[in-house]
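> Show me the folded form of this:
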Amino acid sequence: MIHPIRSLVCLALALGASTSLQAQTPDATIARYRDVADQIIRTAQADSSAYDRLGRLVDGFGHRLSGSPSLERAIDWVLAEMTRDGLENPRTEPVMVPHWVRGNESAELISPRRAPLTMLGLGGSVGTPKAGVTAQVLVVSTFEELEARKAEAKGRIVLFDAPFTNYRETVAYRRTGPVAAAKAGAIACLIRSVTPFSIRSAHTGSTRYDSTVTRIPAAALTVEDAMMLHRMQDRGERVVVRLSIGALTLPDAPSRNVMAEIVGRERPDEVVVLGGHIDSWDVGQGAMDDGGGVVAAWEAVRLMRRLGLRPRRTVRVVGWTNEENGTRGGLAYRDARGAEVDRHVLAMESDEGTFAPVGFGFGGGPEGLAIVREVGKLLASIGADSVAEGGGEADIGPLMERGVPGLSLLVDPTRYFWYHHTQGDTLDKLDPAELARCVAAMAVMAYVVADVPEQLPRR
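Numbers count the residues shown, from 1 in each chain. Sure thing, here's the model as predicted:
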C-alpha cells in the first residue's frame, strides 16, 4: 500500500514540474491541485486541534491588550509552540506599541431616576477628574443633528444614539464622536455601542482625538441604555449622568510580532504571508477577534508541515501585534522587510471572526483575481469557494500599499458584531467544525498560490 502522505508529496512535486501559467490557462493549472486540496481539507476537518489550541491560548492568557503582560506571555507561548511544531525560523521581531490602561470606570443615571448604566470607556480615552463629571445629557442621533443643536451642547455630555446600519458607517461615531462633541463645547461624549444586537453588552474600540480641540472623556453605553436616555429626553425629562473614567495613556511599551515558516523549496525568497493579530481589547478573551484568526493561519501552516508539503515559495505565518489600537505590528513587519516587500507574492489575513468560511475578498489586479478565483474553486466542498473583488485587513494594509496582493478570509457575518469588542468575545462563541474549515480554506489558498509555477501578478 502506498503511504497516503508520501503519495501526496509525490503529487505535489509532480505539480511543481508542470508547465508555467503562461503556457496553460489558470483553470487548467489550478485544477491539477485538486487532489492535494482535497487531502488538506479532509485532514483539517479530521480533528479539533485548531479549537483545542485556541482554547489554550484564550483560557491560558485571557485578553491581550497592547502593553499588557498577558499579551507578552501569550507571544512567548506562541513562539514556544511554533518551535515545538517544527516550523522553521520561529522568531519574534520588536515593535513599540501604545500603552493605554482602562482603570476603574462607571456611569450612573442621576436624573430622572438613579440607576447604574452599563458602559465601557473607549480605547485611548482620557480620564475624568477623580470625582467624575456630572452633567445634563444631550442626546442626538447624527452628526448633523448635533451641528443643528450645538448651542445646547455646551457644558453637557453629548450622547450619540446612532442606530447600527453597517460597521463602516456606524463606527464613525466611535472614532470621531468625541471630537465632534468637543467642538460643540461638550465636556464628555457617550456613544451607543456599535452593534446590531445587544443583551445590554457595551462595546469598546478605539477613538481618535484632534489636536485642535480639547480631549474629552468618551465611553460606550449599551444599546438599551442609550435608547432609554433618548426616550427620556423625548418625553421632556431632564437627563443627568455621572461619568467616571480612570484611563491613562502611558509611554509606548515594547512588544513583538511572532512568526515562523515553511521555507520554499525553489524560491525561498518569495513569500506568501498569512496571519491574524495576536493582541485584543482588554475585555472578554479575544477569541473571535482575533485569536481564532491567528490560530487558523498558524494551523494552516502546521497542517502543510504535517502533510509533508513544501511549496515552491516560502509560506510564513505571523501573529501581528497591536492591530486594535495602533496597527503598529503591520507597519513594523513591512518596514523590517525593506526591499524584500517586493518579493511578497500574497498577504492573507483572517480578522472577521472564524465562523463558517464562505470564501475570500481579493485586493489586487484583474489577472490575480482570475487566478485566485480558480484556487477558490478547490474549496467548493466546504462552501468557501466565493472570491469577491476587494479585500484586505488592517495588518496587511501596509503591504498592500506597496503593491502586494491581499486576501481577507470571509466568513458568515451574522454574529460577528454581536460580540465584537465586548466581554462576550469568548471561546464558546466559535464552533470547532467551522474553525477547522477556516484552517482548510487558508491552507489550500496559501499552499496553491505558493506553489504554482508563475508568481501571482502584482497590482
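> name the element Asn89 belongs to?
According to DSSP states H and E, Asn89 maps onto strand 88-101.
> Confirm Val58 sits in a helix?
Yes - Val58 forms part of a helix when assessed by DSSP: H, G, I helix; E, B strand; the rest coil.
> so what's it scoring on pLDDT?
At Val58, the model reports a pLDDT of 98.
> swap in Arg459?
Per-residue confidence at Arg459 stands at 73 (pLDDT).
> hang on, the earlier thing: quick one: buried residues of the strand holding Asn89?
Of the residues in strand 88-101, 88, 90, 92, 95-100 count as buried by neighbour count, 16 or more other Cβ atoms under 10 Å. (C-beta placed from N, C-alpha, C; glycine too.)
> likewise stretch 117-134?
Neighbour-count burial for stretch 117-134, with 16+ other Cβ under 10 Å as criterion, is recorded at 117-128, 132-134.
> Can you tell me which of these lies closest to Ala180?
Leu122 (13.6 Å; Cβ to Cβ).
> Can you name every helix or strand that the strand holding Asn89 contacts?
helix 69-84, strand 248-262, helix 328-337 (3 or more Cβ pairs under 8 Å, 6 or more residues apart in numbering; DSSP states H and E).
> what's the burial count for Asp269?
Neighbourhood size, Asp269 [other Cβ atoms under 10 Å]: 10.
> Could you confirm it falls within a strand?
Yes - applying three-state DSSP, one finds Asp269 inside a strand.
> For the nearest residue to it once chain neighbours are set aside, give me its contacts.
Closest residue in space to Asp269, ignoring its immediate chain neighbours: Arg343 at 5.3 Å, by Cβ to Cβ, 6 or more residues apart in numbering. Applying Cβ atoms under 8 Å, 6 or more residues apart in numbering to Arg343 gives the contacts 269-271.
> and if we set it to 10 Å?
267-271, 313-314, 337, 404, 455 (Cβ atoms under 10 Å, 6 or more residues apart in numbering).
> Looking at those residues, which is nearest Ala151?
Among these, and counting by Cβ to Cβ, the member closest to Ala151 is Val404, at 49.6 Å.
> From Arg310, how far out is the closest one?
22 Å (Cβ to Cβ, to the nearest Å).
> do the same with Asp290
Distance, Asp290 to Arg310, by Cβ to Cβ: 28 Å.
> Compare neighbour counts for the two and give me the winner.
Per other Cβ under 10 Å, whichever of Asp290 and Arg310 has more neighbours is Asp290, with 32 against 23.
> Strands along the stretch 151-300 of the chain, start to end?
Assigned by DSSP state E, counting those that start in this stretch, the stretch 151-300 of the chain shows strands spanning 157-160, 188-192, 218-221, 240-245, 248-262, 267-277.
> Now Val133: phi and psi?
Dihedral pair for Val133: phi -120, psi 140, per degrees, to the nearest 10.
> Show me what it is bridged to.
Leu243 (DSSP bridges).
> show me where pLDDT drops low in the stretch 251-400 of the chain?
Flagging of the stretch 251-400 of the chain using pLDDT under 70 yields an empty set of residue ranges.
> Output the strands of the stretch 151-300 of the chain as TSV; include the columns distance to Leu65.
Compiled in TSV, the strands of the stretch 151-300 of the chain are given as follows (distance: least, Cβ to Cβ, whole Å):
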stretch	distance to Leu65
strand 157-160	24
strand 188-192	20
strand 218-221	16
strand 240-245	16
strand 248-262	10
strand 267-277	12
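> can I have stretch 236-248 written out in PDB, keeping just the CAs?
Below are the C-alpha coordinates for stretch 236-248, written out as PDB (Å, rounded to 0.1, in the frame of the first residue of the first chain):
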ATOM      1  CA  GLY A 236     -39.100  66.300  28.000                       C
ATOM      2  CA  GLU A 237     -37.300  64.900  31.100                       C
ATOM      3  CA  ARG A 238     -34.000  66.300  32.200                       C
ATOM      4  CA  VAL A 239     -31.400  63.600  31.800                       C
ATOM      5  CA  VAL A 240     -28.400  63.800  34.100                       C
ATOM      6  CA  VAL A 241     -25.500  61.300  34.100                       C
ATOM      7  CA  ARG A 242     -22.400  61.000  36.300                       C
ATOM      8  CA  LEU A 243     -19.400  59.600  34.300                       C
ATOM      9  CA  SER A 244     -16.100  58.400  35.900                       C
ATOM     10  CA  ILE A 245     -13.200  57.100  33.800                       C
ATOM     11  CA  GLY A 246      -9.800  56.300  35.300                       C
ATOM     12  CA  ALA A 247      -8.000  55.800  32.000                       C
ATOM     13  CA  LEU A 248      -4.300  56.600  31.500                       C
END
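> Good, we can wrap up now.
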